[in-house]
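predicted structure and sequence below. I'll ask about it afterward.
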Amino acid sequence: MSIIKLDQNTINHIAAGEVIDRPSSIVKELVENSIDANATNISIEIKDGGISFIRITDNGDGIEEDDIKIAFERHSTSKIKDTIDLASIHSLGFRGEALSSIAAVCQVELITKTKDSMTGFRYRIEGDEEIGFEEIGAPDGTTFVVRNIFFNTPARRKFLKTASTESGYISEIIEKIALSHPEISFTFINNGKTRIYTPGNGNLKDTIYAIYGKEVTDNLVEVNYKDKNIEMTGFLGKAIISKGNRSNENYFINGRYIKSDIISKAIEEGYKFILMQHKYPFTVVNFTIDNKYIDVNVHPSKMELRISNASEIYPAIVETVKETLIEKPNIIDAKIDDEKKEEKKIDRKPEPFETKRNVEEEIVPEKTRNIPKPKSADYTNIIKPKQEEVHEQLSYDFLSEEARPKHKIIGQVFETYWIVEYEDEMYIIDQHAAHEKVNFERLMKRFENNDVSTQMLSQPIILNLSMKDANVLEQYLDNFNEIGFQIEPFQGTDFAVRGVPSELYTIDSEDVLMDIIDNFTAEIGSMVPNIITEKICSMSCKAAIKGNTKISFAEADALIDELLSLDNPYNCPHGRPTIIKMSKEELEKKFKRIV
């Protein structure tokens with residue numbers, strides 16, 4: 001077999017495959033270029049999931065005439081000059097691979113004009129072959145039209161998903177980039193319909209509202225932290241808006257949307273005390289780290305990076321997240337409305353760019369220059385007035401040692417909820433959720449301190465297990481014993497349970513244990529290092545006082561005492577609220593005593 005040197009065309013196609021794998025890759029690269037060009041308005045339009053048509057228009061600096069053709073050559077960039085510059089990259093793009101990669105596998109049309117030029121230029125290139133270059137009239141900024149992705153590499157094209165799936169990838173990328181740049185107005189138009197619009201007024205909360213809506217925006221806690229290694233700003237979501245996947249974990253480093261196992265694990269570790277396993281938080285957090293500690297030149301898509309001082313910033317992120325969530329009372333206001341009030345919303349479909357004409361006939365939208373930025377949205381229904389801030393402060397006194405003697409337990413309703421009066425507030429506590437939380441904290445403290453307490457059983461419980469369940473129990477026997485169980489093989493696939501954790505000593509001990517074994521069995525092959533935490537959660541849930549169970553005032557008083565002594569008494573291990581409140585003022589409004 002002889003070795004040959006590949007021709008440049010083949011080299012370009014191979015290189016393009018590293019950077020461009022689907023329409024969303026094209027959108028990401030071109031939008032990042034628009035940001036680097038100081039654009040304040042960016043419009044993204046697609047058809048057929050971006051497979052047949054993508055148009056990106058910005059009002060940025062534009063490209064000089066002499067630089068247009070050079071920009072499409074491999075490794076041509078204005079962002080760096082030599083290897084020294086790689087250590088201090090501030091721009092989103094820098095390799096000079098994006099335009100050459102896109103042109104290698106797509107039909108590309110560029111229209112651009114700098115602010116100092118009298119006219120603009122149109123440049124067309126298809127599969128690395130120049131088709132035309134001409135002078136035309138154009139607004140300030142740059143428009144890219146990309147048609148027929150992988151038109152000359154059909155083998156790659158067949159690996160693309162459906163149009164709806166590809167447009168979903170594009171939408172996700174735009175959302176992430178918009179959150180990292182609230183000072184830029186983004187418009188995303190899919191098949192002629194505006195799907196995303198952000199105001200670009202620099203207010204991150206307005207951008208979150210425009211993308212995620214009122215419910216998410218109502219349940220945010222601001223984070224603000226800085227030390228010599230890292231700065232964190234943005235918002236953390238309360239447990240009530242957590243999800244079963246990481247799609248809402250938005251974090252950025254130096255304005256760049258990235259994926260980082262270190263950052264993700266640190267955030268999730270900080271949330272662990274209010275979220276059960278396999279629940280993930282909503283976050284929009286901007287991290288500022290000195291460029292000397294990060295390497296973004298790791299992967300062609302620039303979505304991954306290395307952090308050299310990870311061991312120093314990891315604990316800082318964990319503690320900041322935890323402290324931010326603990327310090328803000330998470331007691332939910334129980335407000336009852338007799339009539340549905342119409343919510344104030346941002347108009348999500350303004351059209352700063354002309355979209356009614358055929359996008360393939362009109363390459364450059366008419367209204368692209370001097371577009372006024374929309375005013376900040378009206379958030380009077382989101383940002384609490386001073387009077388409600390006072391109520392939140394009262395909620396926190398409610399949790400203090402000084403306030404505890406002033407609590408007045410009124411009684412139990414529906415054999416499930418306890419009503420407590422404190423100053424001008426009425427608090428309602430779910431006894432089951434509260435007991436879950438107390439049991440969970442007891443177990444966790446004992447487990448972490450290697451101070452487990454076992455209650456020996458007068459008669460051992462014999463577990464008759466299947467071969468599969470027996471193998472699972474044997475595999476994790478040490479884990480069970482570390483928590484406080486005393487379990488040993490009996491005969492065949494049977495096991496004898498001679499002791500259980502003191503916190504879980506109930507008549508349902510066998511059911512609790514079997515439920516845990518069932519959960520372990522169901523997750524064989526997908527176990528994670530901290531899975532034991534989830535099992536402790538499920539155990540505490542099983543052993544807690546149920547709803548529809550009558551308990552005495554003394555028992556309720558002791559439970560409330562222990563609940564309020566916890567670092568975070570607001571949520572059960574599964575994220576459900578333990579306490580809600582209603583003000584005296586709200587009650588008086590319902591009875592028409594006040595207007």
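Yep, it's here.

just give me the neighbour total for the nearest residue to residue 153 once chain neighbours are set aside.
When the adjacent residues along the chain are set aside, residue 153 lies closest to residue 105, with 5.6 Å between them (CB to CB, 6 or more residues apart in numbering). All C-beta atoms are positioned from the backbone trio N, CA, C, and that covers glycine. Here the number of neighbours of residue 105 (other CB atoms under 10 Å) works out to 26.

pLDDT at residue 105, what is it?
As predicted, residue 105 sits at a pLDDT of 90.

so it is in contact with residue 149, correct?
Yes: counting by CB atoms under 8 Å, residue 105 does reach residue 149; the two are 6.5 Å apart.

common neighbours of those two, please.
residue 20 (CB atoms under 8 Å, 6 or more residues apart in numbering).

in the stretch 301-450 of the chain, where is pLDDT below threshold?
301-305, 327-396 (pLDDT under 70).

tell me where it has helices.
310-327, 386-398, 431-448 (DSSP state H, counting those that start in this stretch).

excluding its backbone neighbours, what's nearest residue 412?
Nearest to residue 412 is residue 418, by CB to CB, 6+ apart, at 5.4 Å.

mind listing the residues bridging to the one you found?
residue 412, residue 429 (DSSP bridges).

wait, it sits on residue 408?
No: with contact defined as CB under 8 Å, residue 418 and residue 408 do not form a contacting pair (11.4 Å).

between those two, which is the more surrounded one?
Ranked by neighbour count (other CB under 10 Å), residue 418 and residue 408 place residue 418 first, with 22 against 9.

quick one: residues contacting the more buried one.
So residue 418 contacts 409, 411-412, 428-429, 431, 556, 560 (CB under 8 Å, 6+ apart).

quick check: residue 274 vs residue 234, distance?
18 Å (CB to CB, to the nearest Å).

who has more neighbours out of those two?
Neighbour totals were compared for residue 274 and residue 234, and residue 274 leads with 25 against 21 (other CB under 10 Å).

so that one is in which element?
Using DSSP states H and E, residue 274 sits within no helix or strand.

over to it: give its phi and psi.
When read as degrees, to the nearest 10, the backbone of residue 274 gives phi -120, psi -10.

isn't it up against residue 570?
Yes: between residue 274 and residue 570 there is a contact under CB under 8 Å: 7.5 Å.

what sits against the nearest residue to residue 309 once chain neighbours are set aside?
Of all residues not flanking residue 309 in the chain, residue 293 sits nearest, at 4.6 Å (CB to CB, 6+ apart). Counting by CB under 8 Å, 6+ apart, residue 293 touches 229, 307-309.

redo the residues you listed as TSV? Include distance to residue 154 and neighbour count.
Formatted as TSV, these follow (distance: CB to CB, whole Å; neighbours: other CB atoms under 10 Å):
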residue	distance to residue 154	neighbour count
229	49	12
307	40	20
308	43	12
309	46	14
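
count of residues packed around the closest residue to residue 255 other than its chain neighbours?
Spatially, and ignoring its direct neighbours in sequence, residue 255 is nearest to residue 180 (5.6 Å; CB to CB, 6+ apart). By other CB under 10 Å, the residues close to residue 180 number 24.

sounds good, over and out.
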